[in-house]
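Student: Build the 3D model from these lines:
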Amino acid sequence: MEQFFEVKNNLISGAIHVESLKLLEKYSQLLNKVIIDYNYNLDYIDYFLLGAKYYFMREYVTSIIYTDMSIKLKPNFSRAYNLRAIVLRELKRYSKALEYIDKAIELEPNVIFFLE
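Tutor: Predicted coordinates:
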């Protein structure tokens with residue numbers, strides 16, 4: 001379980017980019033193990049990281065599902081709104097994407113985390 005939290009903390013503590021996909025895959029495998037072995041319950045960060053993983057895999061609908069779970073669990077988590085905006089941009093839903101980026105800025109005006 002220690003390795004799981006180490007990988008999770010490494011991912012969330014910095015910028016997440018396409019090169020993070022390998023680490024996101026490792027995180028996903030470890031997540032499956034801690035769910036089974038320790039009856040682990042996912043939190044908003046777990047859902048956010050899964051959303052990022054599926055974004056980079058270009059599985060945008062799955063990414064939105066996980067991102068929405070993150071927002072539901074922690075409505076003031078600006079990084080989830082930012083991710084949702086980027087996914088919507090990929091789906092060419094520009095006006096909706098702007099709504100989510102505005103919300104991310106409202107929540108955290110000085111820092112925006114883009115995934116690229």
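Student: so what does the longest helix belonging to the chain touch, helix or strand wise?
Tutor: For the chain, the helix with the greatest residue count under DSSP state H is helix 21-38. If contacts are counted by 3 or more C-beta pairs under 8 Å, 6 or more residues apart in numbering; DSSP states H and E, helix 21-38 sits against helix 2-12, helix 44-56. To be clear about C-beta, it is placed using only N, CA and C from the backbone, and glycine gets the same treatment.
Student: which residues are contacting the longest one?
Tutor: Right, helix 44-56. By C-beta atoms under 8 Å, 6 or more residues apart in numbering, the residues outside helix 44-56 that reach it are 8, 11-12, 16, 18, 20-21, 24-25, 27-28, 31, 60, 62-67, 69-71, 73-74, 77, 79-80, 83-84, 86-87, 90, 115.
Student: Drop the exposed ones from these and show what's left.
Tutor: Using 16 or more other C-beta atoms under 10 Å as the burial test, those include 8, 11, 16, 20, 24, 27-28, 31, 60, 62-64, 66-67, 69-71, 73-74, 77, 79-80, 83-84, 86-87, 115 as buried.
Student: Just send the helices and strands packed on helix 21-38 back as CSV, with distance to D37 too.
Tutor: CSV is the format used below for the helices and strands packed on helix 21-38 (distance: least, C-beta to C-beta, whole Å):
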stretch, distance to D37
helix 2-12, 10
helix 44-56, 15
